[in-house]
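[1] Sharing a sequence plus its predicted fold:
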Amino acid sequence: MRIVDVRCVEYLGALPGGEPFWRDRLRRPVDVYPEFAARGPQQLPELPGGELEVRQIFLHIDTDEGITGTTAVLSAEQAHAVSAALRSVLLGADPLAGERVWDLAYRSAIHGRAGTGMLAVSAVDCALWDIRGQYFGVPAHVLLGGPTRDTAPVYASTLGDSLDLDDVRARTRELRAQGFGGVKWFPRWGSNDGHAGVDKVVRLVAAVREAGGDDLEIMLDAWNSWDIPFTVAVARETEHLRLRWIEEPLLPDDSAGLKSLRTLVGGRTQLAGGEHEYTRWGIARLLRDDLLDLYQADPHWGGGISEMTRIGALVSAAGRQFIPHGQSVQCNAALTFASSPALVPEMEYLLRLAPLYQHFLAEPIRPENGVIHAPRATGLGMRLNDAAIRDARPLS
Ligand SMILES: [Mg+2]
């Protein structure tokens, strides 16, 4: 089998309008500048008639045997990097020999070993797993040695939800009723909000604990936007509320800061991170200094499903756990259902982003009663739902 074409296509669709898609937004590193901190969430554009525009880029890799491998969603930069840097590597290559393709892609774009370049390699690798699964007529996780279980628990990520405390309580009760055993919140406040900001984070966690009950797992995602004093204060002042982990409290490059945090809060509050790290070498650097309790490299960003299996081996050997960041539910499911529950105990499900990113799929993966079932569709299950596509624009 040979690869005969590599296409990035932008699909256009719509969601019902009436209310904004995002209710609030998370803290961002640029929010140390007040003019950025004051900005609200960036909404989906409104179409004439009031519907919300859905515009997403998919990668399709065509083969001479009629099988097309697909993955999504790609950023415009990621799609450009696939076309500009990887297309020539892919054309004519054997898509079953994924290790050769990965290694060629990596070695042919030496600046691409992190950032957008690695995001492009990641997307290609995931699309190749879709081809391989279709070729052998099985889900991708089966080719990787799965399924290791019939179902995997998922925790709910509330990115984009309202941070008003009444809304937080109502949402938490709703998620408990839906069967979720864990919930992650994304505070709007960070380092330059001082102790008033810490108080707001503590009140958020207290509201979740009050509404969710004693056995709910509660996580916070600081999205690279706190500093050491803010993180230490939140960890100490939420100790009685039994926070499971704080995620990405510092900028990804701040290894020295993470090391200090391990000393200051380690053993009491777990530290999670790694979604903005790339490849086995990036994660190995974090593991070498034992900077995190939990690793969250993303298949769609950090090197593809293939690289995640290698990262999983490193994390396992270090005695830590791996819960991949939830950019692609399909890729995460392939990895999760091929991994020991001891290494990958659960999956992340972004309550707003996961359905949005599966808007154009005929068989979206959705949690039921707090779990996801092992996928049965061949490959990654990326068959398109033609009824959702209003327009399609090939990108050059
Ligand atoms: Mg995160």
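    On my side now, so go ahead. Residues are numbered from 1 along each chain as shown.
[2] only C-alpha atoms for contact and neighbour calcs from this point on.
    OK.
[3] Ramachandran angles for Asp166?
    phi -70, psi -40 (degrees, to the nearest 10).
[4] now swap in Glu348 and tell me
    Main-chain torsions, Glu348, degrees, to the nearest 10: phi -90, psi 140.
[5] and it, how many neighbours?
    Neighbours of Glu348 under the rule other Cα atoms under 10 Å: 24.
[6] and what of Ala207?
    A count of nearby residues for Ala207, using other Cα under 10 Å, gives 19.
[7] in which helix or strand would I find it?
    Using DSSP states H and E, Ala207 maps to helix 194-212.
[8] Now for the residue lying closest to Asp161 once chain neighbours are set aside: which residues touch it?
    Leaving aside its chain neighbours, Asp161 sits nearest to Arg23 (5.2 Å; criterion: Cα to Cα, 6 or more residues apart in numbering). Residues in contact with Arg23 (Cα atoms under 8 Å, 6 or more residues apart in numbering) are Pro41, Gly160, Asp161, Ser162.
[9] Wait, a strand at Arg23?
    No: judged by DSSP: H, G, I helix; E, B strand; the rest coil, Arg23 forms no part of a strand; its state is coil.
[10] On the pLDDT front, check it for me.
    Looking at Arg23, its pLDDT stands at 94.
[11] how much space between His195 and Ala284?
    Counting by Cα to Cα, to the nearest Å, the gap from His195 to Ala284 is 35 Å.
[12] whoops, I mixed them up, Ser83
    Going from Ser83 to Ala284 by Cα to Cα gives 29 Å.
[13] neighbour-wise, which of those two wins?
    Between Ser83 and Ala284, counting by other Cα under 10 Å, Ser83 is the more crowded of the two (19 against 16).
[14] doesn't Ser396 make contact with the more buried one?
    Yes: shown here, Ser83 and Ser396 form a contact pair, counting by Cα atoms under 8 Å, at 7.5 Å.
[15] Please list all residues in contact with Gly17.
    With Cα under 8 Å, 6+ apart, Gly17 has these contacts: Glu46, Gly50, Glu51, Leu52.
[16] let's go with 7 Å and repeat that
    Gly50, Glu51, Leu52 (Cα atoms under 7 Å, 6 or more residues apart in numbering).
[17] would you list these in TSV and tack on distance to Gly92 and secondary structure?
    What follows is these, written out as TSV (distance: Cα to Cα, whole Å; DSSP: H, G, I helix; E, B strand; the rest coil):
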residue	distance to Gly92	secondary structure
Gly50	45	coil
Glu51	42	coil
Leu52	40	strand
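[18] Let me have these in TSV, adding distance to Ala93, neighbour count and pLDDT as columns.
    As requested, these are exported to TSV (distance: Cα to Cα, whole Å; neighbours: other Cα atoms under 10 Å; pLDDT from 0 to 100):
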residue	distance to Ala93	neighbour count	pLDDT
Gly50	45	14	93
Glu51	42	17	96
Leu52	39	21	97
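[19] what do Ser83 and Ser396 both touch?
    By Cα under 7 Å, 6+ apart, no residue touches both Ser83 and Ser396.
[20] Pull the contacting residues for the closest residue to Ile305 other than its chain neighbours.
    Once flanking residues are discounted, Ile305 sits nearest to Pro299: 5.1 Å by Cα to Cα, 6+ apart. Shown in contact with Pro299 (Cα under 7 Å, 6+ apart): Ser122, Ile305, Met308, Cys331, Asn332.
[21] Can you name the residues that contact Val232?
    Leu264, Val265.
[22] from the chain's centre, how far out does whichever helix or strand it is part of sit?
    Using DSSP H and E, Val232 sits within helix 228-237. When distances are taken as Cα atoms, centre = their mean, to the nearest Å, helix 228-237 is centred 25 Å away from the chain's centroid.
[23] Fine by me, we can end here.
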